[in-house]
Structures are given as C-alpha cells and as structure tokens.
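> my questions concern the predicted model and sequence given below.
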Amino acid sequence: MTRAVCPGSYDPVTNGHLDIIGRAAKLFDEVVVAVLINKNKKTLFSVEERTDMLAEVTAQWPNVRIDSWHGLLVDYCREHDIKAIVKGLRAVSDYDYELQMAQMNHQLSGVDTLFMPTNPIYSYLASSLVKDVATYGGDVSTLLPQTIERRLMLRLAERR
C-alpha cells in the first residue's frame, strides 16, 4: 500500500488545501491529512475543530484519513509507515522554504517530499490571508467550502 501524508495547520482548511488533498488521493492508496500541532502558532480553531472540519470536507475521498501530530513529521511518517510527504507549492517563495524542509526530512528519515503546484486559481490562497480578509468583512465565499466559511464567520463573530 502506498501511503502519503499532507501535513499542515489547516486553520482553516481552504479550497487550495482540498485541491492538493484531492489530487494526492488519486495518486496514493491512502492519504493522511495530518494537522500538525505547533505551539508557536496562534490558531483560530482547536486541533479537534480542525480535524472535524477536515473530516467533513474530505469525506468524498474514501482513501483520505485525518489525524493530528505533535512533534517531527518524520517521526510521524516512521511510526505510520509513510514514505512520502505531499506539499502544495503556490509560488517560488514556497519552494525556497519547502525545499530546505524536504532535504532535512530526507536526511533524517529517507522520506521523500513530492511538490505539487497548486491550481493557478488558488496560487495566492493562504489560511492566514483568508482569516484577515474575513476579519474585515471581505467575501471569502469562493475560497473555502461553504460549511467551513460558516464556521469561520461564527468564530470571528464570537471573538468580536
């Protein structure tokens, strides 16, 4: 069985994330979407909320599983017999950072990283940008699944 992981914070999951996850699901027997817990990142949604949202919006792909992890991604890969990390690239600036991470991960564990260019319609899309736009009343309806947009708007309203 070929298994890959799509790691990220997914705070919240966007249509760009789903594009990469869906395309990876066509290439691998199983894709694990791993919500990485980073204590240094201030998130809008809890890990449990993010995993719930991901489970909801990835249900269309039966070979996609949602999980969370605190620690090194390569340790997660080793523990779950995952040989590939799938990362979406939006721009050259993403490549610079992700290449260093890919080389470090390979050095530590032998796990390969596959870079997948995002669909051009999502090339500017980032969760942090979506949150900023929504915070100031901008329309993010085309950037997120409808159920995620509703949850985002409710959370932002709670915080006001």
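Looks like it came in fine.
> so for residue 84, what's the pLDDT?
Per-residue confidence (pLDDT) for residue 84: 97.
> hmm, residue 111 and it touching each other?
Yes - if you go by CB atoms under 8 Å, residue 84 and residue 111 touch, sitting 6.9 Å apart. In this view, the C-beta of every residue, glycine as well, is placed from N, C-alpha and C.
> which helices and strands does the lengthiest helix in the chain pack with?
When the chain is parsed with DSSP state H, its longest helix is helix 92-109. Using 3 or more CB pairs under 8 Å, 6 or more residues apart in numbering; DSSP states H and E as the contact test, the elements touching helix 92-109 are helix 73-79, strand 84-89, strand 112-117.
> CSV for those, including mean neighbour count and distance to residue 57?
Listed next are these as CSV, based on neighbours: other CB atoms under 10 Å; distance: least, CB to CB, whole Å:
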stretch, mean neighbour count, distance to residue 57
helix 73-79, 18, 22
strand 84-89, 21, 16
strand 112-117, 15, 18
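> looking at this structure, which helix or strand is least sure?
None of the helices or strands of the chain scores lower by mean pLDDT, DSSP states H and E than helix 92-109, at a mean of 89.
> how distant is it from the center of its chain?
In terms of CA atoms, centre = their mean, to the nearest Å, the centre of helix 92-109 is found 16 Å from the chain centre.
> number the chain from 3, please
Right, with 3 as the first residue, what we last looked at is helix 94-111.
> give me the angle between that helix and strand 86-91.
170 degrees (axes from the mean of the first three to the mean of the last three CA atoms, to 10 degrees).
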